[in-house]
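Participant: model this:
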Amino acid sequence: MFTELISSVWPVLWIIIKIMAIIVPLLIGVAYMTYAERKVMGAMQLRHGPMTVGPFGLLQPLADGIKLFSKEMIIPTQANKAVFLLAPMLTFALSLIAWAVIPVEKGMVLANINVGILYLFAVSSMGVYGVLMAGWASNSRYAFLGGLRSAAQMVSYEVSMGLIIVCVLLCVGSLNLTDIVLTERPWWISVLLFPMFIVFLISILAETNRAPFDLPEGESELSGGFLVEYSAMAYALFFLGEYANMILMSAMATILFLGGWLAPIAALAWIPGIIWFGLKTAGVLFFFIWARATLPRFRYDQLMRLGWKIFLPFTLAWVVLIAGCLVYFDALP
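Facilitator: I've put the predicted structure just below:
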């Protein structure tokens, strides 16, 4: 009887264990991403960054979390309360469920589905709903304008991101993320994809509303944008969702362009793949911090011009170029 009960419950428990093995390191990574960001920006601007809470300020993320989760959450009187509370939950949930298809090493993935890249693109595209809901439900002009800005910005740059992914898929011939990493690419294909890697890095800055594209939260003109009415735990969920999305986009860049968990040279293949995956993802995350510390915020018309007049025609032309090269050199996968 007991053995039958265990055998029937174990598959569910095993799935829960695998989910927690993804979520717990991710939440720890999000917490210490905020610490790393303040430390790196402090070094770039000749400051110390967090130094007080714990040795070298290592407990600062914990202190920030306790502060945010212990404060009173204020809901505006005229706000749509249900949508107001649902928006941060949706944003945070979407940033977590996308990790179901991310392989951190060969075989180490929750759901190794054949259309993993489509799943990722669909989930990341839904992120705009959380921001729009927050802007509308707050019943504030500043929040509404921030939500509209973010929606237009995310939709604009998802177009070029989609075309960049098409370029990679043409070279790989599979929508499975593990296959994308393991497929061997000739050196000239890697050279052809390099400009798409640069465009992808810039696009994920806009997709995650990060500097220099943090216009939806522009404190100088929108007082915080769609976040202006949020406080305490609801604000913390948006905060966690933003940093989890940054890590997700960095992991996508690692899988699509940097070889995932594979070692860059054969002599280093003895190092576990999950460490390589972490190092490459951390390198892309450093780019996020570097951009925030060094670049001034774009004007909104500059942001839209870059997306529609430069990135869109450039990525379209590059899809045609890559397809032509693959046919000419008979290198279609």
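
Participant: so where's the stretch 101-250 of the chain uncertain?
Facilitator: Counting by pLDDT under 70, the stretch 101-250 of the chain shows low-confidence ranges at 218-224.

Participant: which residues does the residue nearest to residue 102 when sequence neighbours are not counted contact?
Facilitator: The spatially closest residue to residue 102, leaving aside those adjacent along the chain, is residue 251, at 5.3 Å (C-beta to C-beta, 6 or more residues apart in numbering). C-betas here are computed from N, CA, C, even on glycine. For residue 251, the set of contacting residues under the criterion of C-beta atoms under 8 Å, 6 or more residues apart in numbering consists of 99, 102, 104, 277, 281.

Participant: in the chain, which spans are helices?
Facilitator: Remark: helices assigned in the chain by DSSP state H are 2-44, 60-70, 81-97, 116-137, 141-172, 177-182, 187-207, 219-222, 232-257, 273-294, 300-305, 312-328.

Participant: to residue 266, which of the ones you listed lies closest?
Facilitator: Relative to residue 266, the nearest member of those by C-beta to C-beta is helix 273-294, separated by 12.7 Å.

Participant: list the contacts of that closest one.
Facilitator: Under C-beta under 8 Å, 6+ apart, the answer for helix 273-294 is 33, 36-37, 40-41, 44-45, 104-106, 108, 201, 205, 208, 210-212, 246-247, 249-251, 253-254, 258-264, 268.

Participant: only the buried subset of these, as a PyMOL command please.
Facilitator: Isolation of the buried members of those (16 or more other C-beta atoms under 10 Å) is achieved in PyMOL through the command below:
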select buried, resi 33+36+37+40+41+104+105+108+201+205+208+210+211+212+246+247+249+250+251+253+254+258+259+260+261+262
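
Participant: contact partners of stretch 58-68?
Facilitator: Contacting residues not belonging to stretch 58-68 are listed as 31-32, 34-35, 38, 50, 52-54, 232-233, 235-236, 239 [C-beta under 8 Å, 6+ apart].

Participant: pull out the buried positions in it.
Facilitator: Residues of stretch 58-68 classed as buried by neighbour count (16+ other C-beta under 10 Å): 60-61, 64-65, 68.

Participant: keeping just the C-alphas, turn that stretch into PDB.
Facilitator: Written as PDB, here are the backbone C-alpha positions of stretch 58-68 (Å, rounded to 0.1, in the frame of the first residue of the first chain):
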ATOM      1  CA  LEU A  58      26.900  40.700   1.000                       C
ATOM      2  CA  LEU A  59      23.700  40.700   3.100                       C
ATOM      3  CA  GLN A  60      22.400  43.900   1.400                       C
ATOM      4  CA  PRO A  61      20.000  42.000  -0.900                       C
ATOM      5  CA  LEU A  62      18.500  40.300   2.100                       C
ATOM      6  CA  ALA A  63      18.100  43.600   3.900                       C
ATOM      7  CA  ASP A  64      16.400  45.100   0.900                       C
ATOM      8  CA  GLY A  65      14.000  42.100   0.600                       C
ATOM      9  CA  ILE A  66      13.000  42.300   4.300                       C
ATOM     10  CA  LYS A  67      12.400  46.100   3.900                       C
ATOM     11  CA  LEU A  68      10.200  45.700   0.800                       C
END
